[in-house]
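> sequence unknown, structure follows:
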């Protein structure tokens, strides 16, 4: 599906707003910070919290990236998504260029990319 420039701008603006809201709440959530420190991982606290908010909103129990994973993440863990299940959770990462710091003429940019996750209640063993 092709999106217009305006549709893309609106999408990224809304995603940035969700991220900003999540980040502001994350600063105050001591329980989430403790949970993040305990489970660790190769993702930022902000991404962890963004997904945790999504889980809380849908009343899913568990820990982000342990009890919810991408389709391929579950597959690598030896599970499959149950037939007919739809992803209800989302995570976010930031994509951008990584220009040479010695070159001043390159613009730096970051844009959010949302990805879909499945909860452990939506999967079964292979």
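Ah, there it is. Since we're looking at a predicted model, the values are computed, not measured.
> tell me, how many neighbours does residue 19 end up with?
18 (other CB atoms under 10 Å). Backbone N, C-alpha and C define where each C-beta goes, glycine included.
> confidence score at it?
For residue 19, the model assigns a pLDDT of 89.
> after the biggest strand by length in the chain, which helix or strand is next?
If you go by DSSP state E, the chain has its longest strand at strand 110-119. Counting by DSSP states H and E, the next helix or strand C-terminal to strand 110-119 is strand 123-125.
> strands paired with that following strand, and their directions?
strand 79-81 (antiparallel) (DSSP bridges).
> so what does the following helix or strand past the partner strand touch, helix or strand wise?
Downstream of strand 79-81, the next assigned helix or strand under DSSP H and E is strand 89-96. For strand 89-96, the elements it packs on are helix 5-28, helix 45-57, strand 110-119, judged by 3 or more CB pairs under 8 Å, 6 or more residues apart in numbering; DSSP states H and E.
> who touches the second one?
The list of residues contacting helix 45-57 from outside it, by CB atoms under 8 Å, 6 or more residues apart in numbering, reads 18-19, 22-23, 25-26, 29, 32-33, 35-36, 41, 61-65, 67-68, 89-93, 117, 119.
> now a PyMOL select for only the buried ones of those.
In PyMOL syntax, the buried subset of the contacts of helix 45-57 is picked out as below (16 or more other CB atoms under 10 Å):
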select buried, resi 18+19+22+26+29+32+35+36+63+64+65+67+68+89+90+91+92+117+119
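> geometric centre of the chain: which residue is closest?
The residue lying closest to the centre of the chain (CA atoms, centre = their mean) is residue 91, at 1.5 Å.
> so which bits of the longest strand of the chain are buried?
112, 117-119.
> would you tell me which of the helices and strands packed on strand 89-96 gets closest to residue 78?
With CB to CB, the closest approach to residue 78 among the helices and strands packed on strand 89-96 belongs to strand 110-119: 14.1 Å.
> what strands line up against that closest one, and which way round?
When DSSP bridges is applied, strand 110-119 pairs with strand 68-69 (antiparallel), strand 89-96 (antiparallel).
> so how far is the lowest-mean-pLDDT helix or strand in the chain from its chain's centroid?
Every helix and strand in the chain was compared by mean pLDDT, DSSP states H and E; the lowest is strand 89-96, with a mean of 86. Its chain's average C-alpha position is 5 Å from that of strand 89-96, according to CA atoms, centre = their mean, to the nearest Å.
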